[in-house]
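Q: Quick one: sequence and predicted model below, then my questions.
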Amino acid sequence: MDPSSLNSAELQKFISQEKEKAMLNEMVAKLTDVCWDKCITGTPGSKFSSSESSCLSNCAKRYMDISMIIMKRFQSMGSNSMH
C-alpha cells in the first residue's frame with residue numbers, strides 16, 4: 001500500500017493498522033522473552049521437555065489473559081472519560 005496515494009481517512013486507517021501490528025509484534029516479543037526466561041532453565045535440546053512445554057503454554061495463556069484485562073481496563077477508562 002502506497003501511503004502517498006491515500007486520503008486523510010484512509011491514511012488514518014493505515015496508520016492505525018500499522019500501530020496495531022507494531023503493538024502485536026512488541027507483545028509477542030515480550031511474551032517470548034518473559035516466558036523463555038521463566039520456563040527454559042537449561043540449554044534447550046532439539047525439543048522442549050514436557051515441563052518446559054507446559055510452562056511455556058501456561059505462561060503464554062496468563063500473559064494473554066493479563067493483556068486482555070489491561071486492554072479492557074484502558075478501553076473502559078477511555079469510554080468513561082468521554083462522558
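A: Cool, got the structure.
Q: Which residue comes closest to Y63 once chain neighbours are left out?
A: The spatially closest residue to Y63, leaving aside those adjacent along the chain, is L31, at 4.9 Å (Cβ to Cβ, 6 or more residues apart in numbering). Every C-beta, even on glycine, is put in place using the N, C-alpha and C of the backbone.
Q: Could you point out the helix or strand that follows the helix or strand harbouring the one you found?
A: In this assignment (DSSP states H and E), L31 forms part of helix 8-39. Downstream of helix 8-39, the first helix or strand assigned by DSSP H and E is helix 50-81.
Q: Pull out the buried residues from that following helix.
A: Burial within helix 50-81, assessed by neighbour count using 16 or more other Cβ atoms under 10 Å, is assigned to 52, 55-56, 59-60, 63.
Q: In contact with the residue sitting nearest the centre point of the chain, which residues are there?
A: Residue closest to the average C-alpha location in the chain (Cα atoms, centre = their mean): M27, at 2.8 Å. If you count contacts by Cβ atoms under 8 Å, 6 or more residues apart in numbering, M27 has them with S67.
Q: State the pLDDT value of it.
A: For M27, the pLDDT comes out at 85.
Q: what's the distance between it and C39?
A: Here the criterion is Cβ to Cβ, to the nearest Å. By it, M27 lies 18 Å from C39.
Q: returning to that earlier point: test my guess that the residue nearest to Y63 contacts K61.
A: No. Assessed by Cβ atoms under 8 Å, L31 is found out of contact with K61, at 10.3 Å.
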